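In: Give me coordinates for this.
(chains A and B)
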Amino acid sequence: MNNKLAPHIEELTKALENIDIGESQIGEELKKLLDFRVPLDEAKRTIIRKFRSTFMPIMKIKDITAGLKGFEVTGRIIDVTEKSVNLRSKETVIFSGTLADEDGACSFTAWNDNSLKSGEVIRIKNAYSRSWHNRSEVNFGQRSHIEKLPDDTLPSIDELCKTPAKKLRDVANTDLSVSSVAVILEYSHKNVTVKGENVTIIEGVVADETAKLPFTSWVSLDGLDIGSVIRFENASVRMFRGVPSLNFNENTIIGAVVSTEELPFTFESANMIPEPVAIGEIMVKDGMFDTVALGNIISIRPGSGIITRCPECNRVIQKNTCRVHGTVEGVKDMRIKAILDDGTGAVSVMLNRELSEIVYGRSMPEAEDIIQKAISQDAVFGDMRQVLTGKYLAVRGNTSSNEFGIMLVAKSAWFPDDNTNDRVSALMGRLGNNREGKRGEVYNG
Amino acid sequence: MVEREVAQRLFAREFNDSKFSIHPELYEVSHEGGHAPNFLVSPVGSKINRLFVAGVVTEIDNIGTEHDLWRARVVDPSGVFIIYAGQYQPEAAIFLSTLEIPEYVSVIGKARIYEPESGSVFISIRPEDINMIDAGTRDRWIVDTAELTLDRVDAFSKAIASDLTGTELIGHLIRNNSPQGLAEGITLALDHYHTDEGYLHKLKGVVLDCVRSIGTGSGGKDAVPYEDHVLELMKEMDMGKGIDYAELVIIAKSRGMVEGVIVAAVRKLLARGMCYEPKIGILKVVS
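Out: Numbering: from 1, shown residues only, chains lettered A, B, ... in the order given. Below you'll find the predicted structure:
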């Protein structure tokens, strides 16, 4: 009997080679199932499933995304604080802080007292992750196993906390803080209320030759304005809808850069309309700030045309009934939801009334007229499809990802210039190398 | 998150050379979100579920018996896309039923494969959206499609040169900046078609002809380019017994015309009654 099973046990061992179980254990499991007269194929499947589920991938912090379960991660505790939270109307103590490895950092929450101290290197088995403040956070609870590792497993806290100097394009959600040099493109003051206190903050946009990013400053930026080139160190990074934003606070060192001749960008170059990005590239990012996409409108989605909004909350409503505010006097609006596709990827694009009027070529009153004449709410939607489907469109705005894919909310939209001639020349060059005098040959194959 | 299938850009030649389709239940079950699309794999590795084409409609027929079933031929410079719109594509069917030919159109649709018996494969498009476009948009589509086709050909060349297969090849291509979908498509295509440099070279020739076709013809809406040239040529070739169609295509090509354009011109001439087909494959000019 055992001899007959040997090849199957070997096969299973091979299939489960990443998992810490012995051949003998697999043999026992298989024999037990066969004793119940489970068919061999089904028994093998069952064993693979059983042990696969205990298989724990080892993750680096930078690769952790929200919603993972049962992985293993190693990191050094940068800081940890005890918090008292109200969990299902029961006072519970949790421990949260920051965990870092060589190339990333993230926040963590421990739901049990593991007497963690800052500076310790720990390995967590069966951890899970969730989204917290728009980033992924490592969580470990009752079923997780924590092991303390020797101190020399990872670099020291000082080294792990050094804020990397980065180009703005490379700022990602595993950066807790960054340093860089950039020029201020937008700058405005704003009054906000924080914990009942009025505070004036500064909001704006900074850019270098690679990207633009929004920033918020909680400290005054005396002597700086639009056009100033700044060097900042230890600016904290927050995520909003997949787009990183920089936060300048009392820990950030900010100074004006005086000699700007050596820099690879100027205010003018950083402030230009960005070059169109292949939509395939936009799709692999959770969010992009101020980007341009160019493609064909391959679909005008339902919900485009004349719509009615709730005057209180701006939600789109039907028959003057808002699901939050009840019966209301709806406000008419116009919009276009389109799918833009360039052959490398597809994004949904949102155009507001102003942009819809430009792109569609009719004003909202004209569109309402169409509905009146056709006595159909769908008339404008149908007409938009006829006018726009297939056309080339360029849009500029921020992208974000949600459960329906990547969406770009347009700040501007235009029909791009026809550059066919230049591209034909480029194509001819690309095809020209080995092509002269071979026309006939091509067809005979 | 269910990602929308990207509308692939490819010329009719590459599309019609595709004979290999993947059904997810055979291929991979573990697609995120549970629902996995069907793909047609082209010889150079396009994984086609949805596609976007721009071309000239040269022929529309209602071939349905019980219900309307509209069949249209949409011509690009390399060949013909066949479009079927039936009762479940009402908007496309209505559009086709009223369209006057020839007309520039854009078609967004899904690739369909029909295999009545093994060995014979029919490829067509089931339209989601058809719309009229202008000549400029058609030219731009040719340029887009040429660029993307050459990108595929270049990536495929790298795949052949690497001598790798399977997951190793996919990894190699992704490291060389190919998108994931294309890397998978190329690996499947190489395994199934054994596409070689000869085919890539041929396809490059097709791309070149397509790019060269831009700007030829009057660009006017009702002129299929080269129509008069083809008619002249037919008169020249006819020694009394009619003209062999295949021979006409070869000679017209040798004079610098593109196959798709020749086919379109002949169809137009047939439709206008300038010539007729006494026997299949033989044409005769009406004198």
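In: In chain A, what helix or strand scores lowest on average pLDDT?
Out: Using mean pLDDT, DSSP states H and E, helix A:439-444 stands out as the lowest-scoring helix or strand of chain A, at a mean of 38.
In: what's the answer for chain B, then?
Out: Here the helix or strand of chain B ranked lowest by mean pLDDT, DSSP H and E is helix B:24-27, holding a mean of 54.
In: Could you check the helix or strand following it against chain A for contacts?
Out: Going down the chain from helix B:24-27, the next helix or strand is strand B:39-41, by DSSP states H and E. No: Strand B:39-41 does not reach chain A (C-beta under 8 Å from any C-beta of the partner chain); its nearest approach is 15.7 Å. For the C-beta atoms, the positions are set from N, CA and C on the backbone; glycine is no exception.
In: Can you spell out which helices and strands pack onto strand B:39-41?
Out: strand B:20-22, strand B:47-48, strand B:103-117, helix B:180-193 (3 or more C-beta pairs under 8 Å, 6 or more residues apart in numbering or on different chains; DSSP states H and E).
In: mean confidence score for the following helix or strand past the last one?
Out: Scanning the chain past helix B:180-193 towards its C-terminal end, the next helix or strand to appear is helix B:197-213 (assignment: DSSP H and E). Across helix B:197-213, pLDDT averages out at 93.
In: What of stretch A:369-384?
Out: 90.
In: Stretch B:60-72 too?
Out: Here the average pLDDT along stretch B:60-72 is 92.
In: Just give me the neighbour total for the residue in the stretch 51-200 of chain B positioned nearest to chain A.
Out: Chain A sits closest to B:S106 of the stretch 51-200 of chain B, with a gap of 3.3 Å, by C-beta to the nearest C-beta. Residues lying near B:S106 (other C-beta atoms under 10 Å in any protein chain shown) number 23.
In: Select the longest helix from chain B.
Out: helix B:135-162 (DSSP state H).
In: Check which helices and strands that helix is in contact with.
Out: helix A:420-432, strand B:50-62, strand B:103-117, helix B:166-175, helix B:180-193, helix B:197-213.
In: go again using 6 Å as the cut-off
Out: Judged by 3 or more C-beta pairs under 6 Å, 6 or more residues apart in numbering or on different chains; DSSP states H and E, helix B:135-162 is in contact with helix A:420-432, helix B:180-193, helix B:197-213.
In: Let me see the mean pLDDT of that helix.
Out: So the average pLDDT for helix B:135-162 ends up being 94.
In: Direction-wise, compare it with helix B:197-213 and give the angle.
Out: 160 degrees (axes from the mean of the first three to the mean of the last three C-alpha atoms, to 10 degrees).
In: Residue numbers of chain B in contact with chain A?
Out: Selection of chain B residues close to chain A by C-beta under 6 Å from any C-beta of the partner chain yields B:1, B:3-4, B:6-7, B:9, B:52, B:106, B:108, B:129, B:131, B:133, B:136, B:139-140, B:143, B:146, B:148, B:179, B:202, B:205, B:208, B:211, B:214, B:253.
In: Going by neighbour count, which of these are buried?
Out: B:3-4, B:6-7, B:9, B:52, B:106, B:108, B:129, B:131, B:133, B:139-140, B:143, B:146, B:148, B:179, B:202, B:205, B:208, B:211, B:214, B:253 (16 or more other C-beta atoms under 10 Å in any protein chain shown).
In: Just give me the residue closest to the centre of chain A.
Out: A:D286 (1.9 Å; C-alpha atoms, centre = their mean).
In: Just the helices from the stretch 301-445 of chain A, written as ranges.
Out: Ranges of helices in the stretch 301-445 of chain A, per DSSP state H, counting those that start in this stretch, are A:353-360, A:364-374, A:379-388, A:420-432, A:439-444.
In: Can you add distance to chain B and give those helices back as a markdown table?
Out: Listed next are the helices of the stretch 301-445 of chain A as a markdown table, based on distance: least, C-beta to the nearest C-beta, whole Å:
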| stretch | distance to chain B |
| --- | --- |
| helix A:353-360 | 14 |
| helix A:364-374 | 16 |
| helix A:379-388 | 7 |
| helix A:420-432 | 5 |
| helix A:439-444 | 3 |
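In: Is it correct that the residue nearest to the centre of chain A is in contact with A:S401?
Out: Yes: here A:D286 reaches A:S401: they are 5.0 Å apart, a contact under C-beta atoms under 6 Å.
In: Please enumerate the shared neighbours of those two.
Out: Common contact partners of A:D286 and A:S401 (C-beta atoms under 6 Å, 6 or more residues apart in numbering or on different chains): A:G242.
In: Of all the helices of the stretch 301-445 of chain A, which one is nearest B:A72?
Out: Within those, the stretch nearest B:A72 is helix A:379-388; the backing value is 17.8 Å (C-beta to C-beta).
In: Tell me how the chain divides into domains.
Out: No chain was given, so I picked chain A. When chain A is parsed with automatic domain parsing, its domains come out as A:2-52, A:66-159, A:165-270, A:279-420.
In: Chain B is the one I meant
Out: Taken from automatic domain parsing, chain B resolves into B:7-132, B:139-213, B:227-285.
In: Quick check: which of those is nearest to A:R45?
Out: Nearest of the domains of chain B to A:R45, taken as C-beta to C-beta: domain B:7-132 at 13.5 Å.
In: Now do the contacts for B:A93.
Out: B:D68, B:W70, B:A85.
In: Which of these sits closest to B:A246?
Out: Using C-beta to C-beta, B:W70 is the member of the contacts of B:A93 that lies nearest B:A246, at 28.9 Å.
In: Check whether that closest one really touches B:L96, as I assumed.
Out: Yes: with contacts defined as C-beta under 6 Å, B:W70 counts as touching B:L96 at a distance of 4.3 Å.
In: what's the overlap in contacts for those two?
Out: In contact with both B:W70 and B:L96: B:A85, using C-beta under 6 Å, 6+ apart.
In: Quick check: residues of chain A near chain B?
Out: Within chain A, the positions adjacent to chain B are A:280, A:298, A:341, A:343, A:345-346, A:389-390, A:403, A:405, A:418, A:420, A:423-424, A:427, A:431, A:442-443, A:445 by C-beta under 6 Å from any C-beta.
In: Drop anything exposed from the residues you listed.
Out: Using 16+ other C-beta under 10 Å as the burial test, the residues of chain A next to chain B include A:280, A:298, A:341, A:343, A:345-346, A:389-390, A:405, A:420, A:423-424, A:427, A:431, A:442 as buried.
In: Identify the farthest-apart pair in those.
Out: Of all pairs in these, the most separated under C-beta to C-beta is A:G405 and A:V442 at 39.9 Å.
In: where are the low-confidence patches of the chain?
Out: Answering for chain A, as no chain was given. Applying pLDDT under 70 to chain A flags residues A:1-2, A:17-21, A:52-55, A:433-445.
In: hm, I was asking about chain B
Out: For chain B, the ranges with pLDDT under 70 are B:1-2, B:24-36, B:215-226, B:287.
In: I'd like the distance between the residue of it most remote from its centre and A:G405.
Out: Within chain B, B:G240 marks the point farthest from the mean C-alpha position, 34.7 Å out by C-alpha atoms, centre = their mean. From B:G240 across to A:G405, the span is 63 Å (C-beta to C-beta, to the nearest Å).
In: and the longest helix of chain B, how far out from the chain's middle?
Out: Centroid separation for helix B:135-162 versus its chain: 14 Å, with C-alpha atoms, centre = their mean, to the nearest Å.
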